[in-house]
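Student: Predicted model and sequence below, questions to follow.
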Amino acid sequence: MLSLHLIGRYVAGDPEHAPLHKLGSDAWDKAKRKAQEKAYDVAAELLEVEALRAARQGQVLTVHHDSYDVFVEQFPFEETPDQAHVIDEVITDLGSNKPMDRLVCGDVGFGKTEIALRAAFVAVHNRQQVAVLVPTTLLAQQHFETFRDRFADLPIQVELLSRFRSKKESVALVETLKTGYPDIVIGTHRLLQPDIQFKSLGLLIIDEEHRFGVRQKEQLKRLRSEVDILTLTATPIPRTLNMSMSGLRSISIIATPPRERLSVKTFVRPWNKGLIREACLREIRRGGQVYFLHNQVRTIQEIAHQLEQLLPEANIAIAHGQMPELQLERIMRDFYHQKFNLLVCTTIIESGIDVPSANTIVVNRADRFGLAQLHQLRGRVGRSHHQAYAYLLVSDPKTLTADAKKRLDAIAALDDLGAGFALASHDLEIRGAGELLGETQSGAIDDVGFTLYTEYLNRAIKALKEGGDSIRSQLTDTRVSDINLHTPALFPEDFIPDVHLRLVMYKRIANARDDEELRELEIETVDRFGLLPAQAKALFRLSSMRFDADKIGVQKIDVGEHGGRIQFNANPKIEAMVLLNLIQSEPSTYRMTDSSTLGINNSVEDSDERVQFVESLLKQFTTALLD
């Protein structure tokens, strides 16, 4: 039976707990049908957002090159090739009449903020307001200072809306937004509250979208139909990547690190006072600073006291999110200005705090953190040309859960610059894919795997774009016809000995979109492995046959030496009169066994003749397809 489309890697949750189905049962068909229906619903929601965006005429933003070139020259670093390419893509998007929705993926410190600065510059010079949405108050403060410094010599107003501002200041700022002031506002989820109204919001910049809650994401989904969107991320999450791969969002990747940037050396170790003292002292003695991350406010004072006894040479301070705003802001500013050299903190430093002199981080109970979170925390160090170190401490390696061990193994192994994509893939496998949209989690992805679910989603998007009747029922039909002519159709082991290579070739054949692509694959196979044996020739013929079968709406073909049947799906594309004429012309050979199955009573013992017989029959059907 030709069912190559079923061959694929299962990626979802833990492979050890992947659902298994018995051959011959209908459990797999039910799981696929459920996943297909879920994909249809998600595709409809995605396309609703896209349709709203398409219906809106985007604001065409022009670049004033004289002032823009002066602004660019103030960038103190040399652009990497990837960074320069992404900047060009963003500027092109802003100059298009189609609303921008671009995802920029780049590891921490790879220059994503500069891309946002240049996009903001273009928007403001076209009399548009810019909102910069970030997940944490500290990151908002960091961005505020960066934007304010870059625009200091220009008549561009930058303001901050966060809990670091007094209530009176925040109320006043919310009111002035309606009048068009300031040009750029930076804030946390407060920017998504119903009372926030802009006079002319043209660009929304989102930093680390995955850090926002479900309700905030629903708000962002609404905004996508109204303004240009630029999303920045270091570790893309599966749903974000999938939307990009589905063609609903543009994606840009910054893979080249800045010059002289070194990867962070990462170690997973049990708690050890000697190791902690050695790691911290090495950094302090070379004039650097240390983050010691302990993510429990209740015991953070106790940890700080232990470190004071262990490291009397260190000047220690504490920072966590339950502190008064002004106190926290002062501590972070003092740390930036190197007034102390060891900061005991919680994950409040996770996003965006850029301290070039901090090049060692110690994470206590690292097994309690997610993979993307560990990657972000590691990104707090190594922001300069100095060698940086990350120590991930665990209480007892023997007591680690299987998932925690996988996370720590992945983060330790992938310490190369630009590892964000690989870590996102590992994260997907470890914790599962989840749902692409909405507030609920769905088991559909876990049931069939992320790869197959993505394929269903892409099919649903394509079908919905093309339109037509009964789209949902068409989608739940099997995409590729099952063809069984009771003849060997495969690559023999002596033709392609490597089993993995055989599977790759099977998958490529299954993914071929038409006869021309299949023919090119056949030529490539001959070129790589030699003349095709009979079984391989049959494989390519049957694969070609499925294109006609799919056009007709054939669900299954099962024809052996003594006949068989052709089963049509619920919505065949063949005219009923064609089948009726065929049965009337050869009643001894053909008959309808039920409303959707054509029975064949024809003895053809030779396998080549049997293939030719079915090929001819399908060609006859394709000449009379419904419009």
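Tutor: Cool, got the structure. Since the model is a prediction, treat every value here as computed from it, not as a measurement.
Student: As a check, name the ranges of all helices in the stretch 501-627 of the chain.
Tutor: 515-529, 534-552, 576-585, 607-622 (DSSP state H, counting those that start in this stretch).
Student: Ile348 is nearest to which of the ones you listed?
Tutor: Relative to Ile348, the nearest member of the helices of the stretch 501-627 of the chain by Cβ to Cβ is helix 515-529, separated by 52.4 Å. C-beta: built from backbone N, CA, C; applies to glycine.
Student: how distant is that closest one from the center of its chain?
Tutor: Helix 515-529 sits 32 Å away from the centroid of its parent chain (Cα atoms, centre = their mean, to the nearest Å).
Student: got the angle between it and helix 534-552?
Tutor: 170 degrees (axes from the mean of the first three to the mean of the last three Cα atoms, to 10 degrees).
Student: I'd like to know which elements helix 515-529 is packed against.
Tutor: helix 499-511, helix 534-552 (3 or more Cβ pairs under 8 Å, 6 or more residues apart in numbering; DSSP states H and E).
Student: could I get the helices of the stretch 501-627 of the chain as CSV with mean neighbour count, mean pLDDT and distance to Cys105?
Tutor: As requested, the helices of the stretch 501-627 of the chain are exported to CSV (neighbours: other Cβ atoms under 10 Å; pLDDT from 0 to 100; distance: least, Cβ to Cβ, whole Å):
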stretch, mean neighbour count, mean pLDDT, distance to Cys105
helix 515-529, 14, 92, 29
helix 534-552, 19, 90, 35
helix 576-585, 12, 87, 51
helix 607-622, 16, 89, 44
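Student: can you redo those as CSV with distance to Asp149?
Tutor: Shown next, in CSV, are those (distance: least, Cβ to Cβ, whole Å):
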stretch, distance to Asp149
helix 515-529, 53
helix 534-552, 59
helix 576-585, 74
helix 607-622, 66
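Student: picking that back up, would you turn the helices and strands packed on helix 515-529 into JSON lines with distance to Arg330?
Tutor: Below are the helices and strands packed on helix 515-529 laid out as JSON lines (distance: least, Cβ to Cβ, whole Å):
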{"stretch": "helix 499-511", "distance to Arg330": "58"}
{"stretch": "helix 534-552", "distance to Arg330": "67"}
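Student: nearest to Glu609, of those helices?
Tutor: Ranking the helices and strands packed on helix 515-529 by their distance to Glu609 (criterion: Cβ to Cβ) puts helix 534-552 first, at 12.4 Å.
Student: Can you pull out the residues in contact with that closest one?
Tutor: By Cβ atoms under 8 Å, 6 or more residues apart in numbering, the surrounding residues in contact with helix 534-552 are 2, 4, 479-481, 483, 485, 487-492, 495, 509-510, 512, 514-515, 518, 521-522, 525, 532, 557, 568, 572-574, 607, 611, 614-615, 618-619, 621-622, 625.
Student: Mind doing that once more with 6 Å?
Tutor: Defining contact as Cβ atoms under 6 Å, 6 or more residues apart in numbering, one finds that helix 534-552 is touched by 2, 480-481, 483, 487-492, 509, 515, 518, 522, 573-574, 611, 615, 618, 621-622.
Student: Over to stretch 596-603?
Tutor: 562-568, 589, 591, 593.
Student: Pro257: neighbouring residues, count only.
Tutor: 20 (other Cβ atoms under 10 Å).
Student: so it, which of the three states?
Tutor: Following DSSP: H, G, I helix; E, B strand; the rest coil, Pro257 is assigned to coil.
Student: And for the one 5 residues further on?
Tutor: When classified by three-state DSSP, Leu262 comes out as coil.
Student: Within the helices and strands, which one has the closest residue to it other than its chain neighbours?
Tutor: Of all residues not flanking Leu262 in the chain, Gln387 sits nearest, at 5.3 Å (Cβ to Cβ, 6 or more residues apart in numbering). Assessed by DSSP states H and E, Gln387 sits outside every helix and strand.
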